[in-house]
Structures are given as C-alpha cells and as structure tokens.
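Visitor: Requesting a structural model of the entry that follows:
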Amino acid sequence: MPDLRQIIARNRAGETIAIPSVCTAHPDVLEACLTLAETLDQPIVVEATSNQVNQDGGYTGLKPADFIRFVKDIATRARVCEARVHFGGDHLGPQAWRKLPADQAMTRAHRLVADYAAAGFTKIHLDCSEGCANEPAQLADAITATRSAALAATALQHAPDPDSLLFVIGTEVPPPGGARTDDHGLIPPTTPESAKATLAAHRDAFAALNLPLDLIGGLVVQPGVEFSPMEVHHLPLQRDPHLADALTDWPGLCFEAHSTDYQHPDSYPRLAELGFAFQKVGPALTFAWREALYALDAIRAQNGWATGPSLPDTMEAVMLANPAHWQAHIHGHAADPRTERHFGLADRIRYHWPEPKAQQAVRRLLDDLQDKRLPDPLLAAHFCTAEIAKARESRHCLPRALALARVQSALRPYFFTGPRS
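Guide: Purely as a prediction, here's the structure:
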C-alpha cells in the first residue's frame with residue numbers, strides 16, 4: 001500500500017495518480033468510503049477539521065485521539081485494512097479561536113496541533129492565514145508562514161514518529177456566499193507567482209526554525225474548482241494554469257485541491273495531471289447520503305408504509321430549532337429558503353444528522369422499509385442500476401445498503417490510475 005510520499009513521487013514522475021481526502025465525521029458515510037477503498041484496494045485519507053475536532057471537542061464532541069479511535073472502530077467493523085487509512089488534520093491553526101487576540105489564539109492552536117500529532121495524524125494542513133482579533137481578515141504570507149512554521153515545530157515535538165509527518169501549507173477558501181468568477185464565469189486559478197510567493201515565505205520561516213523543507217509535502221492552491229450554494233463551477237479541462245512552474249525547486253511537493261465536490265468524473269484525473277495528488281471531498285458525500293435517504297423516504301411515502309412524519313419534514317423541524325449551522329449560509333440562491341437548507345451544495349444539513357430527533361427519524365425510515373419488498377423497477381426511479389446491484393450484494397439490509405452505495409457513487413470517480421499520455 002503506497003504511503004503519501006510515494007503517491008507524491010509517482011505523481012511528480014508523470015503518473016496520473018492522486019489520493020482522495022475525505023472530510024466527514026458521519027459514521028455511515030465513513031463506512032461507505034472506507035469500504036470502497038477496501039474493495040478497490042486503494043489508500044484513502046480521512047481528515048478532521050479544527051472546528052470539527054479539537055482539544056475542546058469541537059462540534060462533534062471528539063478530541064483528536066477520540067476521532068482516530070472512532071474511525072478505526074468503523075474500519076474494524078467494516079473489515080477494512082487499517083494500513084490503507086491515513087489520517088489528516090485540515091486547516092489546523094487559530095481559526096476556532098480567531099475572535100481572541102493572536103497570542104491567545106495561537107497558544108490554543110499549538111495545543112491543537114500537539115494533540116493532533118500525538119494522536120497519530122500524519123498529514124497536517126497548517127493554516128494560519130486568517131487574522132485574529134484586531135488583525136486583517138487575511139494575513140500576509142510572511143506572518144502566515146511564521147505562525148505555520150512554529151506549529152510545525154510543535155507537531156514534530158509531539159508526534160510519536162516525527163518522520164511520518166507531512167505538512168500541507170497554503171489555503172484557498174471561497175468568500176462567504178460562494179466563489180467569485182471571472183468574466184467568463186470561471187473560477188480564476190491561483191497564479192504561479194502567488195504559489196511561488198507562498199512557498200518562498202514558508203521556506204524562509206522553516207529555515208528560521210531549522211526545520212527541514214522536505215517536511216512540506218503539499219501546497220493548497222486553487223485549480224479552478226468550486227461550488228456555491230446552488231451551482232457547481234467545473235474545472236475547465238483544457239486549461240493549464242501552469243502552476244507546476246512553481247514546483248521546480250520542490251521535488252517532493254504536490255498540490256492539494258479543496259472543494260473538488262460534485263465535479264465531472266474527468267476532472268479528477270485531469271487534476272492529477274496538473275499536479276494535484278491530494279484531492280479533498282466532503283459535502284458531496286453527505287449530500288449523497290441525504291439524497292439516498294430522501295429517495296427511500298419517497299419510496300416509503302409512495303407505498304403508504306410510513307409510520308410517522310416524513311424525513312424531510314422532521315429534518316426541517318430539526319434545522320429550524322437549531323439554525324446556528326445554516327442560518328449564516330443561506331443567501332437567497334434558491335426561491336425557497338427550505339430548498340437551500342435541504343438541497344444546498346454546501347450540505348449544511350449534515351451538521352444535524354447526529355441530533356437525537358434526526359437519528360430517530362432515520363432509524364424509523366430504515367425500519368419501515370426493513371421487511372418490505374423493493375423490486376428493481378421501484379428502486380430504479382431513484383437509484384442507478386449499479387447502486388441497486390451493489391446494494392443487493394451487500395451484507396447490510398437493502399435500504400441502508402442503497403444509501404451506502406449512493407455515497408460510494410459520489411466517491412468512486414476519485415479512484416483512478418494510469419500513465420499520462
């Protein structure tokens with residue numbers, strides 16, 4: 001099973017290869033992802049964000065060591081080889097505490113990175129680009145790099161195996177409300193000059209602390225992919241932003257693409273050709289899970305099998321009762337705010353699946369369908385032929401297997417191999 005540096009080396013040598021980094025804490029979605037990687041005999045990265053998992057528990061209630069145990073338990077139950085699963089920390093820095101003064105926020109960021117490294121996370125994305133209290137919203141490269149290098153030093157001090165660490169630097173985060181496009185409706189890519197400036201700043205900052213540059217294995221840049229609440233901005237397949245020019249002096253470095261969700265399947269090998277060996281995905285996976293559950297709910301309603309309110313109605317009530325996770329992200333991109341709450345591509349509904357009423361509603365849905373006859377013509381209105389076939393071969397009950405298969409359909413395009421032409 002190739003490790004992350006081997007994947008980078010093969011990509012830099014000209015092979016069309018990349019590894020998906022899945023960012024989710026949904027147990028069923030994680031099971032679907034890990035099982036697909038096992039079936040295809042491929043490695044996979046599972047990532048947690050600093051808001052999701054931190055020393056205070058984050059919004060999942062999990063600390064870094066808890067998250068790794070949580071994922072490993074899922075892998076064990078799903079009969080997935082532990083060696084194929086790599087753990088990554090995404091946007092590790094002061095973000096969760098940026099309302100505090102910089103010194104206080106960075107003190108917490110150091111504890112965050114220390115806990116991630118000590119727990120066994122090996123792919124560490126250092127992101128100090130956002131300003132803290134009384135600072136600009138976006139910081140200069142020099143300040144970002146200095147803070148990131150200090151966090152790297154902390155990670156090295158606390159990692160059980162410092163040689164296993166791989167640092168990812170840089171950030172490309174869309175503005176609130178969605179991505180900005182150019183005059184042609186395309187997402188502008190990062191320029192080679194900007195990428196070089198980020199690398200130069202981190203080179204100087206790492207050198208100042210006597211940190212080896214080969215610890216840096218990834219650079220987050222924008223290749224031209226993004227999604228806004230109700231629209232996907234697809235990668236222009238024929239466009240080459242010449243970002244590879246920035247890597248000339250960095251033989252052990254690849255690019256990392258964020259927000260690759262919902263792209264056309266051909267986009268992922270094209271990203272690999274452009275040097276993006278790390279490809280992040282998250283909302284598209286839980287979106288697929290929601291999509292499948294709503295399809296099952298429609299089948300239940302159509303056949304008069306429901307024993308309670310519909311799943312969408314339950315989730316609407318759950319979201320309205322706790323608007324903190326979605327209210328600031330609804331920007332009127334749909335005529336009906338409910339549409340954006342349930343079907344928005346940012347999938348803000350994903351934050352609500354762990355709530356007790358949502359969990360109860362999902363269990364009721366699956367129970368209502370448990371012993372029902374579900375012939376292929378009925379399922380074909382909502383699931384593709386491959387998903388139905390995969391679900392019928394699964395060890396799980398058919399309704400749950402269909403939902404898992406839908407998640408795997410969303411992730412499957414990320415797994416590809418082959419030489420470049």
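
Visitor: Show me the helices in the stretch 51-200 of the chain, by range?
Guide: 64-77, 102-119, 141-158, 192-208 (DSSP state H, counting those that start in this stretch).

Visitor: what comes up buried for the third one?
Guide: Taking 16 or more other CB atoms under 10 Å as the basis for neighbour counts, the residues of helix 141-158 that come out buried are 141, 143-152, 154-156, 158. (Glycine included, C-beta is placed from N, CA and C.)

Visitor: wait, which of the residues you listed is closest to Q279?
Guide: S148 (21.7 Å; CB to CB).

Visitor: Leaving out chain neighbours, which residue sits closest to the closest one?
Guide: L126 (3.9 Å; CB to CB, 6 or more residues apart in numbering).

Visitor: The longest strand along the chain pairs with which strands, parallel or anti?
Guide: Longest strand in the chain, counting residues (DSSP state E): strand 85-92. When pairs are called by DSSP bridges, strand 85-92 turns out to pair with strand 44-49 (parallel), strand 123-126 (parallel).

Visitor: and the angle from that strand to helix 141-158?
Guide: 140 degrees (axes from the mean of the first three to the mean of the last three CA atoms, to 10 degrees).

Visitor: I124: how many residues sit nearby?
Guide: If you count neighbours by other CB atoms under 10 Å, I124 ends up with 28.

Visitor: which residues of the stretch 201-350 of the chain fall in strands?
Guide: 216-220, 226-228, 231-233, 254-257, 276-281 (DSSP state E, counting those that start in this stretch).

Visitor: wait, which of the ones you listed is closest to K196?
Guide: strand 216-220 (10.1 Å).

Visitor: Contacts for the closest one next, please.
Guide: 4-5, 8, 123, 125, 166-172, 195, 198-199, 202, 206, 246-247, 250, 252-258, 277-278 (CB atoms under 8 Å, 6 or more residues apart in numbering).

Visitor: next one: stretch 97-108
Guide: Residues contacting stretch 97-108 (CB under 8 Å, 6+ apart): 55, 94, 96, 109, 128, 130-135, 147, 150.

Visitor: Flag every buried residue along that stretch.
Guide: Going by 16+ other CB under 10 Å, stretch 97-108 has these buried residues: 97-98, 102, 105-106, 108.

Visitor: from those residues, which is closest to A346?
Guide: Distances from A346 to the buried residues of stretch 97-108, taken by CB to CB, are shortest for R98, at 20.3 Å.

Visitor: measure the closest one to H342 for me?
Guide: 30 Å (CB to CB, to the nearest Å).

Visitor: closest one to G332 among the strands paired with strand 85-92?
Guide: strand 44-49 (26.4 Å).

Visitor: Work out the gap between that closest one and the centre of the chain.
Guide: 7 Å (CA atoms, centre = their mean, to the nearest Å).

Visitor: so for that strand, what's the average pLDDT?
Guide: Per-residue pLDDT over strand 44-49 has a mean of 99.

Visitor: what does it rub up against?
Guide: So strand 44-49 is contacted by 4, 19-23, 25, 30, 33-34, 37, 58, 62, 64, 67, 71, 84-91, 121, 123, 125, 278, 280 (CB under 8 Å, 6+ apart).

Visitor: And stretch 182-192, by the same measure?
Guide: 172, 179-181, 221-226, 233, 236, 239, 241-243, 245-246.

Visitor: now with 6 Å?
Guide: 179, 181, 221-224, 226, 233, 236, 241-243, 245-246 (CB atoms under 6 Å, 6 or more residues apart in numbering).

Visitor: can you check stretch 298-313 too?
Guide: Against stretch 298-313 from outside (CB under 6 Å, 6+ apart): 293, 297, 361, 364-365, 368-369, 372.

Visitor: I'd like the average pLDDT over it.
Guide: Mean predicted lDDT for stretch 298-313 stands at 97.

Visitor: Where does the prediction get shaky in this protein?
Guide: Along the chain, segments meeting pLDDT under 70 span 173-180, 183, 333-335, 418-421.

Visitor: From the centre of it, point out the most distant residue.
Guide: G304 (37.0 Å; CA atoms, centre = their mean).

Visitor: and the residue nearest to R203 when sequence neighbours are not counted, how many residues sit next to it?
Guide: With CB to CB, 6+ apart as the criterion, R203 has its nearest non-adjacent residue at 6.2 Å, and that residue is L213. The local packing of L213 (other CB under 10 Å) involves 15 other residues.

Visitor: Equivalent analysis for A272, please.
Guide: 28.

Visitor: Equivalent analysis for E82, please.
Guide: The number of residues near E82, taken as other CB under 10 Å, comes to 10.

Visitor: What is the neighbour count of the nearest residue to it once chain neighbours are set aside?
Guide: Sequence neighbours aside, A75 is the residue nearest to E82 in space, at 5.8 Å (criterion: CB to CB, 6+ apart). Neighbours of A75 under the rule other CB under 10 Å: 21.

Visitor: wait, which of the buried residues of helix 141-158 is closest to D41?
Guide: Looking across the buried residues of helix 141-158 and measuring by CB to CB, the closest to D41 is A155, at 30.2 Å.

Visitor: Can you tell me how far that closest one is from K357?
Guide: From A155 to K357 the distance is 39 Å (CB to CB).
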